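Engineer: coordinates for the following, if possible.
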Amino acid sequence: MVARLRARYSQGGMNVAVATVSLTKGDRLAQDPAELLAEPIPWRSPDLTPTTLATLLAARFGERISADEAERVLRDLGAVVNRSDDTLYATAPAGARIALGAKPRWSILGTIEPAGGRLVRLEVRYLSGN
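Structural biologist: As a prediction, the model looks like this:
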C-alpha cells in the first residue's frame, strides 16, 4: 500500500495538499507495518506530509478494516470523526508550515464499501489558509 501525492494546489486563500491510498487487497506498505505502529501520529509536526500521514493511517487500518473500527481508531488517535452510510470524515489539527495566523488542519476522507461496510479508500488533505 503506497500512498501517492495526487495534487498540491491553492484554492483561493487556502493551501491544499492531497494524498490518496487504496486499502484493497494486493496493495502493500513499503515499510514494515510494525515500525509504523510503534509511535503515535505526530498530527502537529510541520514535517508530516499527506503522503506520510496516509501511509501511517493505512498501516493502522490494514487491508480490510470495517468502517466502525476505522472510526474507533481515528477517535483513539485524537481526530474528530463524522460518518454517513458511505463516507467517513475526520479532522485533526495540523502543524503550521508557512501561513502564519492560519488554522491548519488535516482532513481525512474515507470511502466505505456499501456491501460490506469496509473502508476501501482513504484521502488525506493538509488544509491551511484564512
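
Engineer: elements contacting the lengthiest helix in the chain?
Structural biologist: Determined from DSSP state H, the single longest helix within the chain is helix 50-61. Applying 3 or more CB pairs under 8 Å, 6 or more residues apart in numbering; DSSP states H and E, one finds that helix 50-61 contacts strand 4-11, strand 14-22, helix 33-37, helix 67-76, strand 105-112, strand 119-129. Using the backbone N, CA and C atoms, a C-beta is placed for each residue, glycine as well.

Engineer: where does the protein dip in pLDDT?
Structural biologist: Residue ranges of the chain with pLDDT under 70: 1-39, 96-102, 129-130.

Engineer: try 80
Structural biologist: Applying pLDDT under 80 to the chain flags the ranges 1-41, 46, 62-64, 96-102, 128-130.

Engineer: what does stretch 71-91 rub up against?
Structural biologist: Contact with stretch 71-91 is made by 40-41, 43, 57, 60-61, 65, 67, 70, 92, 105-112, 114, 119, as judged by CB atoms under 8 Å, 6 or more residues apart in numbering.

Engineer: can you say which of the residues you listed are buried?
Structural biologist: Buried members of the contacts of stretch 71-91, scored by 16 or more other CB atoms under 10 Å, are 41, 43, 57, 60-61, 65, 67, 70, 92, 105-108, 110-112, 119.
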